Structures are given as structure tokens and as C-alpha cells.
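Visitor: Sharing a model that was predicted from the sequence below.
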Amino acid sequence: MFARAAARTLSQSRTFSSSAARQSKVAVLGAGGGIGQPLSLLLKLDPLVTSLNLYDIRGAPGVAADVSHVDTNSEVKGFAADKLDEALEGTEVIVVPAGVPRKPGMTRDDLFNTNASIVRDLAAAIGRVSPKACILVISNPVNSTVPIVAATLEKQGVFDEKRLFGVTTLDVVRAARFLGGIAGTDPKETVVTVVGGHSGATIVPLLSQIPSGKSVSGEAYEKLVHRIQFGGDEVVKAKDGAGSATLSMAYAGARFANSVLRGLNGEKNVITPTFVKSPLFADQGIDFFSSNVELGVNGVEKIYPIGSLSAEEEKLLAACLPDLKKNIEKGKAFVAQS
Ligand code: NAD
Ligand code: LMR
């Protein structure tokens, strides 16, 4: 990230000198956790972040004191469990990695019972205190937690579909890394569009849309797709009960937050996959979907269609849609019953 971020920073300071003074107050909810801590550190390194509010039900003031010593210009403040409203005050971007991670043998959906209410309650506080903020949801199951945030804000009459994002960047990161390993391409130059949702079969990598991806076929293709779809399980298994991806997720989360901030700052052509309220499959009752999205001064600027698919990708998409629909409906039903 650092090389790329540094390159971006250089180009930003040349191209967007007038926006350099813009204030970007970012909050992390769940900042004391496995993702929250390294994510907070990476956000402290992002020159687009001028103020960083770290909140958790435990440990955030300590993380904030620690991160605040890093020699970049942003101000860092920590907020204890009873200070959520203060943490949210005036924030423009709120990143949410709060909630429990998987253990071996669990699916992301198995986290629903615990994480749904955590995310709903945080969303309600955001809707009350900082309704115009962009909300970046990391907490799993993303396919359900994003609809939970939307439905909670809808209930409050403050939902803005341009400002809610499920963070699926880790799937894009894994696809670039795993394809790079097979095709011998530099992951930095290997941009794979991953669409659908964020769990197992709902993760649909569109490898046919780039030459290096198109060159992988047969058993190697099947294995690559499986690895992209189930990369999270690899980490859960290797951590052996100690949680799921934290460091690669912090990287992915910081990278996506940087993209959102660049869009808010007026940078053009900031385009990346993210799980948003989407018209692409709404006619099939699936109103949240991840596809390439252009980020802009209001959040979502443009949702791109998925483009042309190979026969294999058509099959992957057909397998994705029913699962995704169930996950979305489960999230909505939870808020409706709350
Ligand atoms: P963790 O247990 O290490 O950290 C979670 C943190 O959330 C803890 O510090 C906990 O105190 C805090 N928390 C719990 N309830 C809270 C509340 N009401 N308000 C504020 N903070 C609260 O877990 P982790 O490894 O950091 O993972 C966090 C979540 O991110 C999990 O749900 C995990 O599945 C998910 N995740 C998503 C992706 C993705 O690609 N979107 C990738 C990895 C992990
Ligand atoms: C991931 O993809 O690594 C995360 O969603 C965490 C998990 O549970 O696998």
C-alpha cells in the first residue's frame, strides 16, 4: 500500500493542491479489534485523513494514544464505550469493523445472530448523530449487514444510498494476488473486477475481462475461482480459532477508505467494486450488489454494469444470485422485526 499510497499522494498534491486543506474526519467503530487496530494505523498514515476518531466498547483510548504518536499531521482521539455519539460527531467517513469474526467450521452467516444487532445499533447512532457520513461496512456477514444499515437508516428517514458501502475490497485484493501468482503478473497491475457479494458462492470474479485472467483455464481456473471465493476460509483455518483475516483486511479497508476520500475530494475516475444499493439485479428482487462503482463528491457517482461474462462466469453469477437474495432478505427482515 505504502508505495502506491505514496505515489497517489504525490499525484494528489500536484493535481489537487486546493483540496489538500480539506478536513476529512474519519471514525473507526470497532477500533480496538484485530482489524480495527491496524486499520487505524493505516488511516493515520493516509494524508487525506485529517482527524481520526477511534471508538470501541473496549480499548479504543489505548489504541488512540498509541496511534496518535505516529508522525503524521492528523489528530487522533479515542472514545470509550459510553462515548459513541461524541465519536461520531462531525464525521464524514465512518468505517465499521465492529463485531465477532469466524472460527473454523463457521460460515459468515453464522455470525448474523451476534453481529446483526451490533451493526443495527451502530447504524442507528450514525443516523441520529452523523446522518450525512459515508458508511463503510466491514462487519460480516456483509451481504446482510449492509441491508441492515440501510433499513435502519430508512426507518429514521435518513438513508442516502449514495453513502453506504459494503467493503468487498479484500476479494479484489485476493483476486489480484492469486491471479498474479498463477499468471506471473504483478498484482499491482492485475485489476480483477469481483462482483456479487462477500461470501463463498456470492463472490464472482470476472477473470475473463482481463488478458491474464482469460489465459487461465481448465482445472487451474476452477482452483483459482475457488481460492478467491474461499480465501477467507484459508485464513480462518490457519488462525485456528484466533479469528479471521485482520491484516490483509486492514489493508483492504484502508485502501477502500482512501478511494472514498479521493472521490469526496473531487478526484475523477476513482472506480472500484463495492457492495451498494444497486439497480443491476433489482428486477430479480436483489437490490444490493457489488460491481464497479465510480466514487465522487457525494459518494456513489455511477454504478457500472457487470459487462460481458464468459460461460463459466454466467454459471457463477447464476449460483450467486439466489444466495445473495436470501442474505439480503435476512438483513431486511431483522430490522423489520426489531
Ligand atoms: P475482533 O473480535 O478482533 O474485533 C472486533 C471488535 O469489535 C472488538 O474490539 C470488539 O470490542 C468490537 N465491538 C464489538 N461490539 C461493538 C460495538 N457495539 N461497538 C463498537 N465496537 C464493538 O474481530 P475482527 O477480526 O476485527 O473482525 C471484525 C469483523 O470484520 C468480523 O465480523 C469479521 O467477520 C469481519 N471481516 C470482514 C471482512 C470483509 O472483507 N468485509 C474481512 C475480515 C473480517
Ligand atoms: C474474509 O473474507 O477474510 C472475511 O470475510 C473474514 C472471513 O470470515 O472469512
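Guide: Received, thanks. Ligands and ions are numbered 1, 2, ... in the order given.
Visitor: Run a quick neighbour tally on Glu189.
Guide: As a burial measure, the neighbour count of Glu189 was computed by other Cβ atoms under 10 Å and equals 10. Just so you know, the C-beta spots here come from the backbone N, C-alpha and C atoms, and that holds for glycine as well.
Visitor: near ligand 1, which residues of the protein?
Guide: Within the chain, the positions adjacent to ligand 1 are 29-30, 32-36, 56-58, 97-102, 111, 115, 118, 122, 138-140, 142, 167, 170, 198, 243-246, 249 by Cβ under 6 Å from any ligand atom.
Visitor: What subset of the residues you listed is buried?
Guide: For the residues of the chain next to ligand 1, a neighbour count by 16 or more other Cβ atoms under 10 Å gives the buried set as 29-30, 32-36, 56, 97-102, 111, 115, 118, 122, 138-140, 142, 167, 170, 198, 243-246, 249.
Visitor: Of these, which belong to strands?
Guide: Residues of those located in strands (DSSP state E): Leu29.
Visitor: Which of the buried ones among the residues of the chain next to ligand 1 fall in helices?
Guide: In helices, defined here by DSSP state H, the members of those are 36, 115, 118, 122, 142, 170, 249.
Visitor: Adding pLDDT, write these out as JSON lines.
Guide: As requested, those are arranged in JSON lines below (pLDDT from 0 to 100):
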{"residue": "Gly36", "pLDDT": "98"}
{"residue": "Asn115", "pLDDT": "98"}
{"residue": "Ile118", "pLDDT": "98"}
{"residue": "Leu122", "pLDDT": "98"}
{"residue": "Val142", "pLDDT": "98"}
{"residue": "Leu170", "pLDDT": "98"}
{"residue": "Met249", "pLDDT": "98"}
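Visitor: picking up where we left off before, show me which of the buried ones among the residues of the chain next to ligand 1 neighbour ligand 2.
Guide: When Cβ under 6 Å from any ligand atom is applied, the members of these adjacent to ligand 2 are 101-102, 140, 170, 244-245.
Visitor: Val225: which of those residues is nearest?
Guide: Closest approach to Val225 among these (Cβ to Cβ): Leu170, at 15.9 Å.
Visitor: Once you drop chain neighbours, what's closest to whatever residue of the stretch 201-338 of the chain ends up closest to ligand 1?
Guide: Closest contact between the stretch 201-338 of the chain and ligand 1, by Cβ to the nearest ligand atom, is at Met249 (3.8 Å). Nearest in space to Met249, with sequence neighbours left out and distances taken as Cβ to Cβ, 6 or more residues apart in numbering, is Ile35 at 4.9 Å.
Visitor: Between the ones next to ligand 2 among the buried ones among the residues of the chain next to ligand 1, which sits nearest Val158?
Guide: For these, the nearest to Val158 is Asn140 (24.3 Å; Cβ to Cβ).
Visitor: Contacts only, for the closest one.
Guide: Counting by Cβ atoms under 8 Å, 6 or more residues apart in numbering, Asn140 makes contact with 99, 101-102, 108, 111, 115, 198-199.
Visitor: Redo the ones next to ligand 2 among the buried ones among the residues of the chain next to ligand 1 as JSON lines? Include distance to Lys332.
Guide: As requested, those are arranged in JSON lines below (distance: Cβ to Cβ, whole Å):
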{"residue": "Pro101", "distance to Lys332": "24"}
{"residue": "Arg102", "distance to Lys332": "23"}
{"residue": "Asn140", "distance to Lys332": "17"}
{"residue": "Leu170", "distance to Lys332": "24"}
{"residue": "Ser244", "distance to Lys332": "25"}
{"residue": "Ala245", "distance to Lys332": "27"}
